[in-house]
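Trainee: Below: sequence and its predicted model.
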Amino acid sequence: MRRRRCAAEPSVCALADAELQPHLRCWEDKVTTRSKVQDAQNQRSRGLPGFLPGAPDPDHNFQVSLPNPGNQVWQPALPAPGSLPPGLEYLSQLDLIIIHQQVELLGMILGTETSNKYEIKNSLGQRIYFAVEESICFNRTFCSTLRSCSLKITDNSGREVITVHRPLRCNSCWCPCYLQELEIQAPPGTIVGYVAQKWDPFLPKFTIQNANKEDILKIIGPCAPCGCFGDVDFEVKTINEKLTIGKISKYWSGFVNDVFTNADNFGIHVPADLDVTVKAAMIGACFLFDFMFFEHSLAGL
């Protein structure tokens, strides 16, 4: 009898396990579901990568579904705005940029052309950039104001932020081809725009172009941009020339300074919210205007 009870005990245990197995599976499923829900809630409280806890969800491209009927939707934060070219952050809030050409005493004494240097300042007179011309002596001597050159623009830490390339080109209203052009790079190696001269028999006209050489703005100067005893204004207009949004002015700096030196002062008046790459192109346009209209050979004095 004892052997029969011992033999029957395993069958009873097996039967009990078989009856309890569905309940155990159900209980394990509930525990697993609750664990997933708890993990998702904890992740929400910590904040997913790129999210701020409690911040509104601006987009519907990304969703996280929870395993409960009331699914909660997570959406990514707004993408970061396109970063400005490094070093051009200074230009983002400026509506007046002053460019002051430094007086070259060596050029005055020897009567020779030296590399131009410019200080670029804000409306308070604080220097934000410094520009230096890079050209060879042969070009400065024999090509004079038509010379090919590069201008390296650095910030106050000495980091080069803008490079302006000027090739050797024509400068005559009677030659409608191969006119003046500048290439603007910010940072160096990345083209962001151009300044191109447009042929006109009466007025100096230029366009500011983007990296794809598509016209963005027009610059129109006076019929006689000689700057005798007064300021000279180059108006910055929209493409259809119906609206003036700013100007580039060459300031009158006195008879002695204008006749016996090449030091010129310019002011760029533009909307503060204008794209910084366009502002950089307008700085390049100032350099071009200085070479074309206001630079004279000291050797001829």
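Mentor: Yep, it's here.
Trainee: Now do the same contact list for residue 198.
Mentor: 179, 205, 206, 207, 218 (Cβ atoms under 8 Å, 6 or more residues apart in numbering). For every residue, glycine as well, the C-beta is placed using N, CA and C.
Trainee: Wasn't residue 144 part of a helix?
Mentor: Yes: assigned with DSSP: H, G, I helix; E, B strand; the rest coil, residue 144 falls within a helix.
Trainee: Distance of it relative to residue 171?
Mentor: According to Cβ to Cβ, to the nearest Å, residue 144 and residue 171 sit 10 Å apart.
Trainee: And residue 180, by the same measure?
Mentor: Counting by Cβ to Cβ, the gap from residue 180 to residue 171 is 6 Å.
Trainee: Just want to know which of the two has more residues nearby.
Mentor: residue 180 (21 against 14; other Cβ atoms under 10 Å).
Trainee: OK, contacts around that one?
Mentor: Residue 180 makes contact with 166, 169, 170, 171, 196, 197, 206, 288, 292 under the criterion Cβ under 8 Å, 6+ apart.
Trainee: Please enumerate the shared neighbours of residue 180 and residue 171.
Mentor: Listed as contacting both residue 180 and residue 171 by Cβ under 8 Å, 6+ apart are residue 292.
Trainee: hang on, the earlier thing: of all pairs in the contacts of residue 180, which one is the farthest apart?
Mentor: Using Cβ to Cβ, the contacts of residue 180 reach their maximum pairwise distance at 170 and 206, which is 14.3 Å.
Trainee: And those two? Which one has more around it.
Mentor: Using other Cβ under 10 Å, the more surrounded residue of residue 170 and residue 206 is residue 206, with 27 against 14.
Trainee: Which helix or strand contains that one?
Mentor: Using DSSP states H and E, residue 206 sits in strand 205-209.
Trainee: Partner strands of the helix or strand where residue 234 lies and their direction?
Mentor: Following DSSP H and E, one finds residue 234 within strand 232-237. The strands beside strand 232-237 in its sheet (DSSP bridges) come out as strand 215-220 (antiparallel), strand 244-251 (antiparallel).
Trainee: Averaged pLDDT, the shortest one. What do you get?
Mentor: When pLDDT is averaged over strand 215-220, the result is 96.
Trainee: follow-up on the earlier one: any residues touching the strand holding residue 206, and which ones?
Mentor: Contacts for strand 205-209 (Cβ under 8 Å, 6+ apart): 180, 193-199, 215-221, 234, 278, 281-282, 285, 288.
Trainee: Swap in 7 Å and give it another go.
Mentor: For strand 205-209, the surrounding residues in contact (Cβ atoms under 7 Å, 6 or more residues apart in numbering) are 193-198, 215-220, 278, 281-282, 285.
Trainee: which neighbours does it have in its sheet, and in what orientation?
Mentor: Counting by DSSP bridges, strand 205-209 is paired with strand 191-198 (antiparallel), strand 215-220 (antiparallel).
Trainee: Using TSV, lay out those strands together with distance to residue 123.
Mentor: Listed next are the strands paired with strand 205-209 as TSV, based on distance: least, Cβ to Cβ, whole Å:
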stretch	distance to residue 123
strand 191-198	23
strand 215-220	21
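Trainee: Need the winner for burial among those strands.
Mentor: Ranked by mean neighbour count, the strands paired with strand 205-209 are led by strand 191-198 with a mean of 21 (mean count of other Cβ atoms under 10 Å).
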